[in-house]
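Enquirer: no sequence on this one, just coordinates:
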């Protein structure tokens, strides 16, 4: 019994918003529709994809995506159709274009600056001259005495 | 080099302060979605009239036919804020003589007809958008939403939510005047 429950827990997923009447009979198209709806933002509940959203507009958009696919659109054509009406905002993955260069490149630039900082710190550390001067005669004598004493004590 | 390092915490504090000044500004709405339609021509749609009322339906051509700026209002009888907005729109039509057309979004025709009979009908044309497809063409996220189309048939302004406050009203008036000026 416990094994069965564990097995069921393994396959448990979040509840789906896609309603039975929306699902296409062609499993190929349905898979593509699901993949597209995961990447489209719901404009009502803004951090949810339309795939899991129960908002009315999200359902309308899911049906629209399926209609476009059934009509023979490619995935890109479907994305373009929705973006033309709702803007780049609805894409969870922003496109690569002049207005988004800063967004895409910022992580690499910041990472590079970090690496440069680390490298420069290590370099300076290595190039720094030895600061502690050698022991003078008096200190050498004291050290020798300490060594003598500790040697005597070791069994 | 070490002098720059000394000032780093100060720079960091200034940067955090500026980010907070921008991010915590109460006038900034982080949920505002920019409209993709601004600067583009009126989307293509063609809606029949609401059954049981005299007002004609609404299509792209109807909006383009009207000279001067047009206010396109998306409403529904089940939308409570629309009721408050309705009075404001009615007064604007009476006082400012603006062109107001409506898109009745996902509304049962008899409910919509009863709502208009009760509150009055300030719209010169109303399209009945039963399945919400015209709403998607306009890129709406809910009701009410209001668009301003200038005399060239270009969408110039979008307002999300009910036009109710003085600030909303004055921004709509300002945009209408601007759209009127820009129209040859």
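Expert: Here it is on my side, so go on. This one's a predicted model, so the numbers in the text were calculated from it and none came from an experiment. Numbers count the residues shown, from 1 in each chain, chains lettered A, B, ... in the order given.
Enquirer: Enumerate the residues of chain B near chain A.
Expert: Contacts of chain B with chain A, taken as C-beta under 8 Å from any C-beta of the partner chain, map to B:31, B:33-37, B:43, B:106, B:131-133, B:135-142. Heads up, the C-betas are built off the backbone N, CA and C, glycines and all.
Enquirer: Quick check on the residue in chain B that chain A sits nearest to: phi, psi?
Expert: Here the residue of chain B nearest chain A is residue B:36; by C-beta to the nearest C-beta that distance is 3.4 Å. Torsion angles at residue B:36 (phi, psi; degrees, to the nearest 10) stand at phi -80, psi -10.
Enquirer: how about the residue lying closest to it once chain neighbours are set aside, what does it touch?
Expert: Computed as C-beta to C-beta, 6 or more residues apart in numbering or on different chains, the closest residue to residue B:36 that is not its neighbour in sequence is residue A:87, at 3.4 Å. Contacts for residue A:87 (C-beta atoms under 8 Å, 6 or more residues apart in numbering or on different chains) come out as B:33-36, B:139.
Enquirer: ok and the residue in chain A nearest chain B?
Expert: Of all residues in chain A, residue A:87 sits closest to chain B, at 3.4 Å by C-beta to the nearest C-beta.
Enquirer: The residue lying closest to residue A:41 once chain neighbours are set aside: neighbour count?
Expert: Once flanking residues are discounted, residue A:41 sits nearest to residue A:90: 4.7 Å by C-beta to C-beta, 6+ apart. If you count neighbours by other C-beta atoms under 10 Å in any protein chain shown, residue A:90 ends up with 22.
Enquirer: follow-up on the earlier one: weed out the non-buried ones from the contacts of residue A:87.
Expert: Among these, the ones that count as buried by 16 or more other C-beta atoms under 10 Å in any protein chain shown are B:33, B:35-36, B:139.
Enquirer: Tell me the spacing between the residue nearest to residue A:41 and residue A:61.
Expert: Per C-beta to C-beta, to the nearest Å, residue A:90 is found 9 Å from residue A:61.
Enquirer: Give me the common contacts of those two.
Expert: Contact criterion C-beta under 8 Å, 6+ apart; residues bridging residue A:90 and residue A:61 by contacting each: A:40, A:82.
Enquirer: any low-confidence regions in chain B?
Expert: Applying pLDDT under 70 to chain B flags the ranges B:1, B:183-184.
Enquirer: what are the ranges of the strands in it?
Expert: Ranges of strands in chain B, per DSSP state E, are B:46-47, B:58-59, B:70-75, B:99-105, B:125-129, B:145-149, B:155-160.
Enquirer: And those: which comes nearest residue B:26?
Expert: With distances scored as C-beta to C-beta, the stretch of these nearest to residue B:26 is strand B:155-160 (17.5 Å).
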